[in-house]
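Novice: Output the structure for:
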Amino acid sequence: MGECLDTRATILRPRIGDDGLSRTLAGWDEYATLWASLRETPGEEAAAAGQIGTRRSARLRLRASRRARQITAADRVRARGQLWEIRGICAPAAGLIELSLAAIMIGKAAG
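Specialist: Residues are numbered from 1 along each chain as shown. Next up, the predicted model:
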């Protein structure tokens, strides 16, 4: 039985602009939307500068298509309404690519 690819994941690629002085991040463009398997791992709370946040991580598996093989750690993923940073890329099984993802959701601390 194969992997259940039941989530639509959009890969976002950085758009670099030139302000005349240096190259800077000008935004994110949609690179590809692919079927994937997203498995979240339990989050942990993190406190930083008076804010409370939940640090979450996940594994995203994709079919090893031409587009999927061109994904890099500079890209981002949007899946299930969440933006994810790519922390690592590997090929755990023939025909699959796995991305290690991290997301930080920040909110105001109570009080």
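
Novice: Let me know the distance separating Arg80 from Leu25.
Specialist: 24 Å (C-beta to C-beta, to the nearest Å). Glycine gets a C-beta too; all of them are placed from N, C-alpha and C.

Novice: With Ala58 instead?
Specialist: Taking C-beta to C-beta, one finds Ala58 at 23 Å from Leu25.

Novice: neighbour-wise, which of these two wins?
Specialist: Neighbours were tallied for Ala58 and for Leu25 using other C-beta atoms under 10 Å; the higher tally belongs to Ala58 (20 against 10).

Novice: Am I right that the more buried one is in contact with Thr41?
Specialist: Yes - using C-beta atoms under 8 Å, Ala58 is in contact with Thr41, at 6.4 Å.

Novice: Return the list of helices and strands in contact with the lengthiest strand in the chain.
Specialist: If you go by DSSP state E, the chain has its longest strand at strand 23-48. With contacts taken as 3 or more C-beta pairs under 8 Å, 6 or more residues apart in numbering; DSSP states H and E, strand 23-48 sits against strand 7-18, strand 51-63, helix 66-69, strand 76-79.
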